[in-house]
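Colleague: Provide a 3D model corresponding to the input given below.
(one chain, ligands or ions: 1)
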Amino acid sequence: MESNLDEAYLARCLKRLKELGAPLEDWRCINVIDMCEGDEPDDPPSFATCELCDCSRLRYVHVMKHPLYFAEIEVGCICAGIMEGDIIAAEERERLMKNRAKRRKNFVEGKWKKASPRKALHLYTRMHKGRKLWISVYPGNRYYVRCGEKSISRYKGHPINNFYSAVYAAFDLADPVEEIL
Ligand SMILES: [Zn+2]
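Modeller: This is a model prediction of the structure:
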């Protein structure tokens, strides 16, 4: 544990875990959510609240899981570091998420190449992180996104019916958060 970590802050986090009846250590981060990752290009930014320290300006939510606790706990970077006993690892994860957010912004603004479709109405393709991506558009505004072996037609629980959602879905396929964890 880092020595410059505020003792009072640490004590408060541990107290909250005790109140919840939750384990105090050995948590694992299973996901990081970027609250500013809007579904539309001009969605306003939103922020989350840390379940341990109540900080209400979280952009990156670290989702923590423990095999002996029934629920996941969503916290900010430093609280995540306390829970997993490794502040540096949590800070590194946050840094990688910031880089990913920059890549996502560039990706959304980047260009697709038109390819000649066989069955689809339109076919677009491009590379990201050395991976080839395709977006095919079928009649009735049906979009399919493919990256390598993976192919999807839904994004965040909804059928993909516009190009922007297809682009975001393509980014998640080519640049998954799991690679940061
Ligand atoms: Zn916190």
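
Colleague: check contacts around residue 100.
Modeller: When contacts are counted by CB atoms under 8 Å, 6 or more residues apart in numbering, residue 100 touches 34, 175, 177, 180. The way it works is simple: take the backbone N, C-alpha and C, and place the C-beta from them, glycine included.

Colleague: and whichever strand or helix holds residue 91, what's its mean pLDDT?
Modeller: Taking DSSP states H and E as the definition, one finds residue 91 inside helix 87-109. When pLDDT is averaged over helix 87-109, the result is 96.

Colleague: all further residue positions should be reported with the first residue as 17.
Modeller: Renumbered: residue one is now 17, and that last one reads helix 103-125.

Colleague: show me what counts as buried in that helix.
Modeller: 103, 106, 109, 110, 113, 116, 119, 120, 123 (16 or more other CB atoms under 10 Å).

Colleague: pipe the residues you listed into CSV and attach distance to the ion per row.
Modeller: What follows is those, written out as CSV (distance: CB to the ion, whole Å):
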residue, distance to the ion
103, 12
106, 11
109, 14
110, 12
113, 16
116, 21
119, 26
120, 24
123, 30
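
Colleague: same list, those residues, but as JSON lines with distance to residue 137 please.
Modeller: Below are those laid out as JSON lines (distance: CB to CB, whole Å):
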{"residue": "103", "distance to residue 137": "51"}
{"residue": "106", "distance to residue 137": "45"}
{"residue": "109", "distance to residue 137": "40"}
{"residue": "110", "distance to residue 137": "41"}
{"residue": "113", "distance to residue 137": "36"}
{"residue": "116", "distance to residue 137": "31"}
{"residue": "119", "distance to residue 137": "29"}
{"residue": "120", "distance to residue 137": "27"}
{"residue": "123", "distance to residue 137": "23"}
